[in-house]
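Colleague: take a look and give me a structure for this.
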Amino acid sequence: MLNNSNINYFKNMQLTVKQYQRIKLGLVFVLALIFSQSLVLKNFFIPVVVLIISSLLLMYLRKQVKGIIADERDYATAGRAAILAIQIYSWIVVVSMFILYALSDLNPYYYSVAMTLAFSTCILMLLYSLIFKFYNKIKFSDKKTIFLVVTVISFLILGVFTVRFFSGEDNWICQNGEWVKYGQPDFPAPTTQCR
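Modeller: Residues are numbered from 1 along each chain as shown. Model prediction:
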């Protein structure tokens, strides 16, 4: 049971950088276990909830760290690495998208994969642009954390909206070993065996 002394302990708690790194590593291990078990059990709600809770916990614990976790050089190097990673990823995805789109006559599933890659790259670039503008205009404060949380939630809602309203509801579905029309697909039934 929490009393005033326990609450004051958590308010005044301070961590060293080493303790914070150990807690972070432990959380990654626990998350990996939960994710793997959830995938085996085909439960996708639990990993999302655990991921959100652990992210909030890490944000709270990071504020409790006494000492320097990273300095300006680390942030500058991370920024250069991030922009390079985004550029390389974007080029690879765009080339892959065009190849898959060109091969969509052979297998209609390639079209869905190509569109998923295209949308994910657009969302990544848009998110990068928003965060870049955000860091250029807003100084470090608690408002920045709120803005980032609102931005991430907005992108999640946009992603769900996109999947719901722009995904192919006209498709072929495998039922009892045969391909059955669902809606009005504009491509022939897959040539692969239905299981």
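
Colleague: C-alpha from now on. contacts and neighbour counts both.
Modeller: Noted.

Colleague: show me how the chain divides into domains.
Modeller: Residue ranges for the domains of the chain, per automatic domain parsing: 1-69, 73-169.

Colleague: now do the contacts for residue 65.
Modeller: 14, 15, 16, 17, 20 (Cα atoms under 8 Å, 6 or more residues apart in numbering).

Colleague: tell me which of the domains of the chain sits nearest to residue 179.
Modeller: domain 73-169 (13.3 Å; Cα to Cα).

Colleague: count of neighbours near residue 172?
Modeller: For residue 172, the tally of surrounding residues (other Cα atoms under 10 Å) stands at 20.

Colleague: that one falls within a strand, correct?
Modeller: Yes. Under DSSP: H, G, I helix; E, B strand; the rest coil, residue 172 falls within a strand.

Colleague: so which helix or strand takes in the residue lying closest to it once chain neighbours are set aside?
Modeller: Distances taken as Cα to Cα, 6 or more residues apart in numbering place residue 181 nearest to residue 172, at 4.8 Å, with adjacent residues excluded. For residue 181, the host element (DSSP states H and E) is strand 178-182.

Colleague: that strand pairs with which strands?
Modeller: Next to strand 178-182 in the sheet, as set by DSSP bridges, lie strand 171-175 (antiparallel).

Colleague: and the top helix by length along the chain, what other elements does it pack with?
Modeller: Longest helix of the chain, by residue count under DSSP state H: helix 72-102. For helix 72-102, the packing partners by 3 or more Cα pairs under 8 Å, 6 or more residues apart in numbering; DSSP states H and E come out as helix 109-137.

Colleague: may I see the buried residues of the helix it packs on?
Modeller: Neighbour-count burial for helix 109-137, counted by 16 or more other Cα atoms under 10 Å, picks out 110, 111, 112, 113, 114, 115, 117, 118, 121, 124.

Colleague: let me know the closest of those residues to residue 173.
Modeller: Nearest member of the buried residues of helix 109-137 to residue 173, counting by Cα to Cα, is residue 112, at 14.3 Å.

Colleague: and the closest one, how far from residue 91?
Modeller: To residue 91, residue 112 is 19 Å away according to Cα to Cα, to the nearest Å.
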